[in-house]
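*Asks:* When you get a sec, could you give me coordinates for this:
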Amino acid sequence: MSDVHHISIKSPFGDLTVFEDGGAIAALEWGRVPGGAPTPLLKKAATQLAEYFAGTRKEFDLPLRPQGTPFQKKVWRALQKTPCGQTETYGALAKKLKTAPRAVGGACGANPIPVLIPCHRVLGTGGALGGFSGGDGVATKARMLAFEGVEMDD
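*Replies:* Numbering: from 1, shown residues only. So this is what the prediction gives:
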């Protein structure tokens, strides 16, 4: 990343830090990073995330530039089409992308911009949570899905 700026915010799922590189959001990580000079884009991202966590925003309108392989980027674009409050399975997503569910899972695990690229909305067969790299892992994924109104089988 060349000209990286960041902003840290509080969320119901813990502190989050959003990183901007070259005029686009490049990463979102759990935890607080000290310092940082918020840019207009980072302020917009913080506002949109606050609206999402307040339940008043369902979609994000931010320029995203995640770093990854062409395949990962293809999966991440597909993830952005799953609406808030809905889920997709690794298998169904793999079928749409003509690849294997495990490959989709690998791309989800490598997602550098969780929440904004909603990898938490992808489930395993029969509603199994699968994995999640953010926060407290699968527990955070379950809380995020519940927050979005997704009913999970116990």
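
*Asks:* Dump the C-alpha coordinates for stretch 50-62 into CSV.
*Replies:* Provided in CSV are the C-alpha atoms of stretch 50-62 (Å, rounded to 0.1, in the frame of the first residue of the first chain):
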residue,chain,number,x,y,z
ALA,A,50,-22.3,3.6,11.9
GLU,A,51,-25.5,3.7,9.9
TYR,A,52,-25.2,-0.1,9.2
PHE,A,53,-24.6,-0.8,12.9
ALA,A,54,-27.6,1.4,13.7
GLY,A,55,-29.7,-0.7,11.4
THR,A,56,-30.5,2.2,9.0
ARG,A,57,-28.1,1.1,6.1
LYS,A,58,-28.3,-2.2,4.2
GLU,A,59,-25.7,-1.5,1.4
PHE,A,60,-22.4,0.3,1.3
ASP,A,61,-21.5,2.8,-1.4
LEU,A,62,-17.8,3.0,-1.1
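
*Asks:* State the mean pLDDT of it.
*Replies:* Average pLDDT, stretch 50-62: 96.

*Asks:* Likewise for stretch 145-154?
*Replies:* 85.

*Asks:* What ranges does the chain have for its helices?
*Replies:* 40-54, 70-79, 90-97, 101-109, 138-147 (DSSP state H).

*Asks:* which residues does the residue most central in space within the chain contact?
*Replies:* For the chain, the residue sitting closest to the mean C-alpha position, by C-alpha atoms, centre = their mean, is residue 114 at 2.0 Å. Counting by C-beta atoms under 8 Å, 6 or more residues apart in numbering, residue 114 touches 28, 120, 132, 133, 134. Just so you know, the C-beta spots here come from the backbone N, C-alpha and C atoms, and that holds for glycine as well.

*Asks:* Much appreciated, bye for now.
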